[in-house]
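> Sharing a model prediction with you, sequence too.
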Amino acid sequence: GNMLAGLSVLASLATATALPAELPAHPRLRLNDTMLSALQHRIATDSSFEGVAASLIKYAESFVATPVVDCVPSGANGALLSESRAVLDLVYSVGLAYRLTNEAKYFDRVKKEIMHVSDPTICTHGWNPPNFLAVSEMTHAVSVGYDWLYTNLTQSERDFVAAAIVRNGLGAGAHSFATAEWWSHFDDNWNIVCNVGLAYAAVAVGDRPDAQELATSVWANLTQSIEHGLGVYAPSGAWTEGAMYWGYATEYAMSGTGLHRTVPGLKTGWAATQGLASAGEFFLHSIGPSLHYFSWGDAQQDPSAPANPFIANLFPLARDVAVTPAQRRLYAYSGRQLLEVRDDCSQMACAFSLLAYSTEGTAADVQQLPTSAFFPVKHVGMFRSGWGAGLVAHDSRTLVEQGGSSEVPAWIGFKGCDGRWTHNDVDGGQWVLEMGGQRWAVDLGADSYGLPGYWDQTNQGGHRYSWYRKSTHGHNTLTFGAWEGAASGTDALGATNQAPDVPANITLFKAGDTPADPHYAIVDLSPLYAAQGVKSVRRGFAFIDDFTQLLIVDEFDAPGLNVTWAMHTINATIAVKPRASPNPLTAQLKLGGKTLYVTAREAPSTGKIAFAAADVVLAPPQEPAPGLRKLRLTSTVATGRFVVGLSLDETPRAVQVRPLEEWAAHGPLNN
């Protein structure tokens, strides 16, 4: 009673649009009967729609005989998140199959699941309030199941499921707002996911007399709270936590904007969020020609699975958010291409795609997209030589001729740091590289979230950064004064990590007018190493000569320290050539029938210089990284600069590289 009274006061202060007093008939979550009829017509008359629907039905069939989820949390920190996510996938995939076909077996399977998780004698701890992501995902799932099955549920079944939505979803949400739980005022993926899950609950049961007051109060709070999360998209659509968490947050942002098509009275303005219309462009730039993305931070990238399930975000971005016809066509075409390559309906990929599917757009719409992108507030940039024959010019196994050439585009993603902890690493200066259809330099992404101290990231000594994937050593950047003999992350290496709580800016970003022109950028890494006694560090990237040669230029002033340059690669063999003076140190990487030549063109003249390669074996309990190897360039003197060239050509053009301070005025080359 007191909690609701307090929430009523908050609701009276809310400036956001209230939950409409009258809600449309069920179904009203993301799909109504009019939209369903239109979708069925398109499936019957359009082979493209028909293909996605056939994949969805096949996927739904795989659930019919599966057991219900276990309500005992299995995840790290006792989270029910994977179980909630599984129910969401089932409800959308099997539920949409039911709505499209009206087949009882699909209805029965969804009903079985939502009745099971709604039973307080089975889910005795609700939907895991200690982890509100789990609460939100299960609330979202059960709300959609309740709504889509509503007309064929008995009144007692409706009451039973609705009571669980109120008790485990809206009730838990009201408590979170009343206690100002951290996610309710934080700007990350949690904020959007948690709020949109509650929005689905409020819209699902908000017209029930036993839920209306609570739903109205929670709605008033969530529409204020979600401004924190949506604000991350400003100014230009990039996401602080990288491409994977962009996908998770945007999946829910699109679920939120999708409510407005079926409940016209929800005038939240979410679709007009600054930067949201450009969010799809950030995602497309983040994908390399191999269709794997720049997987910084806690990204989880399956090397065998191009693209990822979050490609389905592109369809609602096209339909509900895009601000120009060109942007709409770009997202729709790219979504279709990625869905076809992925060929996998898991994680709602087919269901979410079909709900907003479009046949608009052609490869020409991709080719209109700039080949370079800089997101200054998020401190990340990408250069590519072109879009080839469109986004999906090839898959990871087959090269397709493009304009008379069998070469796929070259691409690099690189970053500074934003000084925020969330899912980020101590990885300023990190870069990933694709040339000749191979990813040569990799980012290892996430490790197990259950590792001891994985979320201890409060300062430079945070235990998170002692795990290899999270440490500075585990990235393609510089370390100073460090012993590089240990492969696994250890506290002994932790002292040489970059500082996690200060930003490192990309201070220069210049995209050439044509691929023949140099494309270059500079990252000022000095703040990240200041605590180690390093006076200054700057890193330059320059793609030159039609993207046939990448130069990485590091200038550093760290008296009394040594310096190590690192590059991680997976499944490539590395051969370091014996040094034959006056020739520079060179390593050859071989992968997928291609050879990449990595040459140390310059290094401090007074130091002892060495190139070395080693397998990296991560000690348990870290997740293994099969095929991981590391190329290291070391100097016993850390005052001066490294100039490292990378090319598929064994003898690329010899160039004179200007000091970084001259790049802004004159470009990177002196010849």
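The structure has been received and is ready for your questions. Numbers count the residues shown, from 1 in each chain.

> quick one: the helices in the stretch 551-671 of the chain?
Along the stretch 551-671 of the chain, counting by DSSP state H, counting those that start in this stretch, helices occupy 663-666.

> what about the strands in it?
563-570, 573-576, 585-591, 594-602, 609-615, 628-635, 639-647 (DSSP state E, counting those that start in this stretch).

> Just say which of those strands is most tucked in.
When you average the neighbours per residue for each of these (mean count of other C-beta atoms under 10 Å), strand 563-570 leads with a mean of 23. In this view, the C-beta of every residue, glycine as well, is placed from N, C-alpha and C.

> for it, packing partners?
strand 438-441, strand 478-480, strand 549-557, strand 628-635, strand 639-647 (3 or more C-beta pairs under 8 Å, 6 or more residues apart in numbering; DSSP states H and E).

> could you dump those strands to CSV with mean pLDDT and distance to residue 535?
Listed next are these as CSV, based on pLDDT from 0 to 100; distance: least, C-beta to C-beta, whole Å:
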stretch, mean pLDDT, distance to residue 535
strand 438-441, 96, 27
strand 478-480, 95, 11
strand 549-557, 98, 4
strand 628-635, 96, 16
strand 639-647, 97, 9
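
> Indicate which one of those strands is closest to residue 285.
Among the helices and strands packed on strand 563-570, the nearest to residue 285 by C-beta to C-beta is strand 438-441 (15.7 Å).

> Give me the contacts around the closest one.
The contact list for strand 438-441 (C-beta atoms under 8 Å, 6 or more residues apart in numbering) reads 288, 290, 292, 431-434, 476, 567-570, 572, 589, 591-592, 594, 596, 646.

> chain center to that strand: distance?
Remark: strand 438-441 is offset 19 Å from the chain centroid, using C-alpha atoms, centre = their mean, to the nearest Å.

> strands paired with it, and their directions?
Sheet pairing for strand 438-441, assigned by DSSP bridges, gives strand 431-435 (antiparallel).

> same question for the partner strand, mean pLDDT?
Averaged across strand 431-435, the pLDDT comes to 97.

> So what's the gap between it and the chain middle?
Centre-to-centre, strand 431-435 and its host chain are 17 Å apart (C-alpha atoms, centre = their mean).

> what is the orientation angle of it with strand 594-602?
Counting by axes from the mean of the first three to the mean of the last three C-alpha atoms, to 10 degrees, strand 431-435 lies at 130 degrees to strand 594-602.

> relative to strand 639-647, how tilted is strand 431-435?
Interaxial angle, strand 431-435 versus strand 639-647 (the same axes, to 10 degrees): 30 degrees.

> can you pull the buried residues of strand 431-435?
431-435 (16 or more other C-beta atoms under 10 Å).

> Name the nearest residue to residue 124, ignoring sequence neighbours.
residue 71 (7.4 Å; C-beta to C-beta, 6 or more residues apart in numbering).

> thought the one you found was touching residue 123?
Yes: the criterion here is C-beta atoms under 8 Å, and residue 71 meets it with residue 123 at 4.0 Å.

> Could you look up the SS state of residue 507?
Under the three-state scheme (DSSP: H, G, I helix; E, B strand; the rest coil), residue 507 adopts strand.

> contacting residues around it?
Residue 507 touches 522-524, 538, counting by C-beta under 8 Å, 6+ apart.

> can I get the CA coordinates of stretch 502-514 in PDB?
Extracted in PDB, the C-alpha atoms of stretch 502-514 (Å, rounded to 0.1, in the frame of the first residue of the first chain):
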ATOM      1  CA  VAL A 502      39.800   7.700 -18.200                       C
ATOM      2  CA  PRO A 503      38.900   8.400 -21.900                       C
ATOM      3  CA  ALA A 504      41.300   8.200 -24.800                       C
ATOM      4  CA  ASN A 505      40.100  10.200 -27.800                       C
ATOM      5  CA  ILE A 506      40.500   9.800 -31.500                       C
ATOM      6  CA  THR A 507      41.900  13.200 -32.200                       C
ATOM      7  CA  LEU A 508      42.100  12.900 -36.000                       C
ATOM      8  CA  PHE A 509      40.000  11.000 -38.500                       C
ATOM      9  CA  LYS A 510      40.400  11.600 -42.200                       C
ATOM     10  CA  ALA A 511      38.700   9.600 -44.900                       C
ATOM     11  CA  GLY A 512      40.200  10.000 -48.300                       C
ATOM     12  CA  ASP A 513      38.000  11.000 -51.200                       C
ATOM     13  CA  THR A 514      38.700   7.800 -53.100                       C
END
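
> And residue 192, what's its pLDDT?
Looking at residue 192, its pLDDT stands at 98.

> Neighbours of it, how many?
Residues contacting residue 192 under the criterion other C-beta atoms under 10 Å number 28.

> now residue 360
Per other C-beta under 10 Å, the neighbour tally for residue 360 reads 16.

> The one 10 residues further on now?
Using other C-beta under 10 Å, the number of residues around residue 370 comes to 12.

> So it, which state does it fall into?
Per three-state DSSP, the secondary structure class of residue 370 is coil.

> in the chain, which ranges drop under the pLDDT threshold?
Along the chain, the model assigns pLDDT under 70 to residues 1-17, 74-78, 302-307, 392-406, 459-462, 482-495, 581.

> Go ahead and flag the most central residue of it.
Geometric centre of the chain, nearest residue: residue 244, 1.6 Å, by C-alpha atoms, centre = their mean.

> Am I right that that one is in contact with residue 301?
Yes: with contact defined as C-beta under 8 Å, residue 244 and residue 301 form a contacting pair (7.4 Å).

> Between residue 71 and residue 123, which has more neighbouring residues?
When residue 71 and residue 123 are compared for neighbours, residue 123 comes out ahead with 21 against 18, by other C-beta under 10 Å.

> Which residues are in contact with that one?
Applying C-beta under 8 Å, 6+ apart, we find residue 123 in contact with 71, 117, 164, 168.

> Correct me if wrong: the last one contacts residue 122.
No: contact status for residue 168 versus residue 122: not in contact, 11.8 Å apart, counting by C-beta under 8 Å.
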